[in-house]
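**Q** Here is the input, now give the coordinates:
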Amino acid sequence: MIPQQTRTYRNHHLDSTRWDRYQPRPDDVLISTSYKSGTTWVQRIVSLLLFGPGSLPAPLSELSPWIDMRFPPLDGVIETIERQQHRRFVKSHLPLDALPFYPEVRYIWVARDTRDVFMSLWNHYHSHTDAAYEMMSAGDPEGGPLPRCPEDPREFWRSWITRASFPWESDGWPYWSHHYHAASFWPFLRLPNLLAVHYNDLLADLEGQMRRVAVFLGITVPEEEWPALVEAARFRSMREEAIRQEAKRSKPDEPKVWKDGAASFFFKGTNGRWRAVLTPADLALYDQAAAALDPELRTWLEGGSLAAGDPQRAREGAPG
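**A** Numbering: from 1, shown residues only. The predicted structure follows:
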């Protein structure tokens, strides 16, 4: 069974038709998450495996562009990746049935517990500036502009977990569905060019997960280089580097997308903050939404491979 591209996503953030211009190269890497699940973390891991722990040749967002983001002019994005001589690695927030599928491309799907995604997304959403809302209103986006974030995270939760932005989804408003994204990848774990990575596993065993990614991508790393690579991939290191790079590139009169810039984007990086926010009634809404998932997928999303057993290895018949 091969994934088929059957969905089109267009809204204040996304335009999946931009992938029509993408021309794959053998061994391209495509990293996809719904959002707030470790996208930038895995992009950074891949960059470290390709370039080492020193300075990158360009900002990570330029080296590894988000192709389905509707704002940047598409000609410039395509020209950037076509000029790249190194192994390319690009980013998406689309489910698998909205992406082109190529056997020669390596796909990394990164997932996280729905409730942790919500908390991280609310912080991201709540940190938007007026400039960000103006940007996401430009061009009369399908479905309308991104509405202002509620001050109460529980108010956002009740909409996000029960309403949808697209008719084939059942949650995720006003963005898109974390559950639909996960369910689109889940049946294809046996594909040799797809790797599932869980946020919990990155937290619990960063080096082990980095080694998994290296093996999947066919990258050999000398043993003596691993400590520096792992240290550079820690959340603290990424946050500090992002703040340094922002200070170098930013201009005094340049509008910010987040109130505190990179410090808002790299906020906590921890799990479980939802426990102090969501009530039993809120969690009952989660149970209703999660009941539609494959039970094995739900277990894995909530716990990760190290807690629930590696679903990829299990489906391949390998020992857990």
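
**Q** Measure how buried the residue lying closest to K36 once chain neighbours are set aside is and give me the count.
**A** Leaving aside its chain neighbours, K36 sits nearest to S120 (3.8 Å; criterion: C-beta to C-beta, 6 or more residues apart in numbering). Using the backbone N, CA and C atoms, a C-beta is placed for each residue, glycine as well. Here the count is done by other C-beta atoms under 10 Å, and S120 has 23 residues near it.

**Q** May I have the host helix or strand of S120 as PDB, with CA atoms only?
**A** In this structure, S120 is located in helix 114-126 according to DSSP states H and E. The C-alpha trace of helix 114-126 is given here as PDB (Å, rounded to 0.1, in the frame of the first residue of the first chain):
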ATOM      1  CA  THR A 114      -2.300  15.600  22.000                       C
ATOM      2  CA  ARG A 115      -2.600  17.400  25.300                       C
ATOM      3  CA  ASP A 116       1.100  18.500  25.300                       C
ATOM      4  CA  VAL A 117       0.600  19.700  21.700                       C
ATOM      5  CA  PHE A 118      -2.300  21.800  22.900                       C
ATOM      6  CA  MET A 119      -0.300  23.500  25.600                       C
ATOM      7  CA  SER A 120       2.600  24.300  23.400                       C
ATOM      8  CA  LEU A 121       0.200  25.500  20.600                       C
ATOM      9  CA  TRP A 122      -1.600  27.800  23.000                       C
ATOM     10  CA  ASN A 123       1.600  29.400  24.100                       C
ATOM     11  CA  HIS A 124       2.600  29.800  20.500                       C
ATOM     12  CA  TYR A 125      -0.800  31.200  19.500                       C
ATOM     13  CA  HIS A 126      -1.000  33.500  22.600                       C
END
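
**Q** what's downstream of it, the next helix or strand?
**A** Trace forward from helix 114-126 with DSSP H and E and the next one is helix 130-137.

**Q** Only the buried residues of that next one, if you could.
**A** A132, Y133, M135, M136 (16 or more other C-beta atoms under 10 Å).

**Q** quick revisit: now the helix holding S120, how far from the chain's geometric center?
**A** In terms of C-alpha atoms, centre = their mean, to the nearest Å, the centre of helix 114-126 is found 12 Å from the chain centre.

**Q** same question, stretch 50-60
**A** Chain-centre distance of stretch 50-60: 20 Å, with C-alpha atoms, centre = their mean.

**Q** send the alpha carbons of it over as PDB?
**A** In PDB, the C-alpha atoms belonging to stretch 50-60 read as follows (Å, rounded to 0.1, in the frame of the first residue of the first chain):
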ATOM      1  CA  LEU A  50      24.700  16.700   7.900                       C
ATOM      2  CA  PHE A  51      26.800  19.700   9.000                       C
ATOM      3  CA  GLY A  52      28.200  18.900  12.400                       C
ATOM      4  CA  PRO A  53      27.900  21.000  15.600                       C
ATOM      5  CA  GLY A  54      29.500  24.200  14.200                       C
ATOM      6  CA  SER A  55      27.700  27.100  12.600                       C
ATOM      7  CA  LEU A  56      25.200  26.400   9.900                       C
ATOM      8  CA  PRO A  57      25.800  27.800   6.400                       C
ATOM      9  CA  ALA A  58      22.500  29.600   6.700                       C
ATOM     10  CA  PRO A  59      19.600  30.000   9.200                       C
ATOM     11  CA  LEU A  60      17.800  26.700   9.800                       C
END
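
**Q** give me the number of residues near Y35?
**A** Y35, neighbours per other C-beta under 10 Å, totals 18.

**Q** The residue nearest to it when sequence neighbours are not counted and H12: what is the separation?
**A** Spatial nearest neighbour of Y35, excluding adjacent residues (C-beta to C-beta, 6+ apart): H93 at 5.5 Å. Spatial separation of H93 from H12 under the definition C-beta to C-beta, to the nearest Å is 12 Å.

**Q** hang on, the earlier thing: might one say that the residue nearest to K36 is in contact with G38?
**A** No. With contact defined as C-beta atoms under 8 Å, S120 and G38 do not form a contacting pair (9.7 Å).
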